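**Student:** no FASTA, just this:
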């Protein structure tokens, strides 16, 4: 029967209501296959680099080799994007940031001061020259801002490590990263092979040679390789020590350069948005919110990077003070100090190497050769001239102070 209320009948007959079909379960794609592919590619890349180094006696870093191998895989046999891309993206973002934090375990202010930093003025001048020149040259050459800043960090500070540290902070594309790394590999390798002979002719002392090698060559492995070559050719241990200390001093510039370049990037982007908009209120809002936009300029992983370096520095300082005070429990102190150093060494060497290698292999696996078409000669002109400015400034400054 039915009951009418007004003109709308309400049926009370027992009818079977149809339930809508439940939506298909959409579980998030697994990141494991992509991470595994990136890790395997990185392992193979480091293996190839080791074979090349052993057969040619030319030090070669496994990180750029991993990038090149990843690019070769992506542009030849390829892989199923839906299966592997989520994990590859995770590698190039999260794992990369973890590797950058681990690098900071090697950066100790106290260790630097304890070893001696006679080349500090040379480092300051050469890094400063690169940080000023390359952004201007990149702008004149019409390069993308992100590519210019990656070239600035890689050429002025410490090669691939600086590039990988800055890239996530400025959201650089895989294309920009690949071009910046190519600059580091190309010009760093040229310097590694030629600068030992050049500076032997130009510099008055082996220590000056080591300092010039430390500021002129991009990557840490390239610096140590050139200094080792100089030691073997000319029998001067001092050049190797000076190069290592100078490169460590230069690497510490990461803690200032990355926040500075990140701020420059964010400020430039904000300025461009203001130029495109006639709404003055939006500019006022952007300015007023400056105090709460700290994360935009200094990402969380960079805060962790600074915290890790501070932890390493405090630990070294604390143990050094205990040793100076002749603590009674010397055995326990030595054991604790050794454990601390081993932990920091494991993070700074093993963990960072594994994480950065996996991340850079992921960058290669995400880079298509089509995206590099049209890059042209301009990035390499900027990178090459920047390398000459950094190295030339270092040489001139060393001639004045050493």
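**Tutor:** On my side now, so go ahead. For clarity, every value in this text was computed on a predicted model and none was experimentally measured.
**Student:** for the host helix or strand of residue 87, which positions count as buried?
**Tutor:** Using DSSP states H and E, residue 87 falls within helix 81-90. Using 16 or more other C-beta atoms under 10 Å as the test for burial, helix 81-90 gives 84-88, 90. (C-beta placed from N, C-alpha, C; glycine too.)
**Student:** what packs against that helix?
**Tutor:** helix 32-56, helix 352-366 (3 or more C-beta pairs under 8 Å, 6 or more residues apart in numbering; DSSP states H and E).
**Student:** what's the angle from the shortest one to helix 81-90?
**Tutor:** Which is helix 352-366. Counting by axes from the mean of the first three to the mean of the last three C-alpha atoms, to 10 degrees, helix 352-366 lies at 140 degrees to helix 81-90.
**Student:** what angle sits between helix 352-366 and helix 32-56?
**Tutor:** Going by the same axes, to 10 degrees, helix 352-366 is angled at 110 degrees with respect to helix 32-56.
**Student:** From the contact counts, what lies against helix 352-366?
**Tutor:** helix 32-56, helix 62-75, helix 81-90, helix 96-103, helix 160-170, helix 174-202.
**Student:** now with 6 Å?
**Tutor:** Counting contacts by 3 or more C-beta pairs under 6 Å, 6 or more residues apart in numbering; DSSP states H and E, helix 352-366 is packed against helix 32-56, helix 62-75, helix 81-90, helix 96-103, helix 174-202.
**Student:** same thing with the longest one?
**Tutor:** Using 3+ C-beta pairs under 6 Å, 6+ apart as the contact definition, the elements that helix 32-56 packs against are helix 62-75, helix 81-90, helix 352-366.
**Student:** So which of the ones you listed is the most surrounded?
**Tutor:** Mean neighbour count (mean count of other C-beta atoms under 10 Å) peaks for helix 352-366 among these, with a mean of 27.
**Student:** follow-up on the earlier one: just tell me which of the helices and strands packed on helix 32-56 ends up closest to residue 384.
**Tutor:** helix 62-75 (16.9 Å; C-beta to C-beta).
**Student:** Report the angle between the closest one and helix 81-90.
**Tutor:** Angle, helix 62-75 to helix 81-90, by the same axes, to 10 degrees: 160 degrees.
**Student:** so where's the stretch 301-402 of the chain uncertain?
**Tutor:** 302, 322-334, 371-374 (pLDDT under 70).
**Student:** hmm, I was thinking of the stretch 1-150 of the chain
**Tutor:** 1-28, 59, 110-118.
**Student:** can you rerun that using 80?
**Tutor:** Low-confidence segments of the stretch 1-150 of the chain (pLDDT under 80): 1-29, 57-64, 96, 100, 103-104, 106-118.
**Student:** OK, contacts around residue 109?
**Tutor:** Residue 109 is in contact with residue 313, counting by C-beta atoms under 6 Å, 6 or more residues apart in numbering.
**Student:** quick one: it and residue 262, what's the gap?
**Tutor:** To residue 262, residue 109 is 22 Å away according to C-beta to C-beta, to the nearest Å.
**Student:** For residue 34, see how far away residue 95 is.
**Tutor:** 10 Å.
**Student:** Tell me the pLDDT of the spatially most central residue of the chain.
**Tutor:** Centroid-nearest residue in the chain: residue 164, 2.3 Å away (criterion: C-alpha atoms, centre = their mean). Per-residue pLDDT puts residue 164 at 84.
**Student:** right, and the helices and strands packed on helix 32-56 - which one's nearest residue 376?
**Tutor:** Comparison of those against residue 376 by C-beta to C-beta identifies helix 62-75 as nearest, at 18.4 Å.
**Student:** what sits up against the closest one?
**Tutor:** Outside of helix 62-75, the residues within contact range by C-beta under 6 Å, 6+ apart are 41-42, 44-46, 48-49, 160, 181, 185, 356-357, 360-361, 363-365, 367, 369.
**Student:** Give me the number of neighbouring residues for the closest residue to residue 179 other than its chain neighbours.
**Tutor:** Of all residues not flanking residue 179 in the chain, residue 379 sits nearest, at 5.0 Å (C-beta to C-beta, 6 or more residues apart in numbering). A count of neighbours around residue 379, defined by other C-beta atoms under 10 Å, yields 22.
**Student:** Distance-wise, check residue 213 relative to residue 399.
**Tutor:** With C-beta to C-beta as the criterion, residue 213 and residue 399 are 15 Å apart.
**Student:** Of the two, which one has the most company?
**Tutor:** residue 213 (33 against 14).
**Student:** surely that one meets residue 229?
**Tutor:** No. Counting by C-beta atoms under 6 Å, residue 213 sits too far from residue 229 to count as a contact (9.6 Å).
**Student:** Tell me the residues that contact both of the two, please.
**Tutor:** Common neighbours of residue 213 and residue 229 (C-beta under 6 Å, 6+ apart) do not exist.
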